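Asks: Okay, predicted coordinates and the sequence, questions at the end:
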Amino acid sequence: MNWYLAVLKNYAGFGGRARRKEYWMFVLFNFIIAVVLSLLGLAIDSQIPYIIYLLAVIIPTIAVVVRRLHDTSRSGWWILISFVPLVGGIILLVFMCTEGAREVNEYGPNPKLAPQGI
């Protein structure tokens, strides 16, 4: 849960790098919360809580994807490849799964070597 909260605390932080663990833990908790809110919406016959949640986390989601791309030594603009039908999403998924650059890159030091406190 700390990984999820760390991303939310860095709400609109597009600079720096994000480890695979930070990204995938955020995705996991985001998915769990979205499913719970969707089921709650079915129970109350309204998807408003689900929609509000999705709108609230769209900026942190984009920010963590950009930081994850930075970790793989790619520009954050690579996020736009997801708009290419079929292959764009697959390519972005591969980028998210790729290990980050071990050395310091133009986006900052290796986050695996930095103290996390998490």
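Replies: Happy to help now that I have it.
Asks: okay, now Arg20: neighbour count?
Replies: Look at Arg20: counted by other CB atoms under 10 Å, it has 17 neighbours. Where you see a C-beta, it was placed from the backbone N, CA and C, and this is true even at glycine.
Asks: ditto for Leu40
Replies: 13.
Asks: Chain neighbours aside, what residue packs nearest to it?
Replies: Distance criterion CB to CB, 6 or more residues apart in numbering; nearest residue to Leu40, sequence neighbours excluded, is Pro49 at 6.0 Å.
Asks: show me the contacts for the residue nearest to Trp24 when sequence neighbours are not counted.
Replies: Of all residues not flanking Trp24 in the chain, Met96 sits nearest, at 7.8 Å (CB to CB, 6+ apart). When contacts are counted by CB atoms under 8 Å, 6 or more residues apart in numbering, Met96 touches 20, 23-24, 65, 68.
Asks: any idea which element Ile33 lies in?
Replies: Ile33 belongs to helix 20-44 when assigned by DSSP states H and E.
Asks: Measure how far that helix is from the centre of its chain, please.
Replies: Taking the mean of its C-alpha atoms, helix 20-44 sits 13 Å from the chain's own mean (CA atoms, centre = their mean, to the nearest Å).
Asks: and that helix, average pLDDT?
Replies: The average pLDDT within helix 20-44 is 94.
Asks: what is the rounded mean pLDDT of the next helix or strand along the chain from that helix?
Replies: Heading C-terminal from helix 20-44, the first helix or strand you meet, by DSSP H and E, is helix 48-71. On average, the pLDDT along helix 48-71 is 94.
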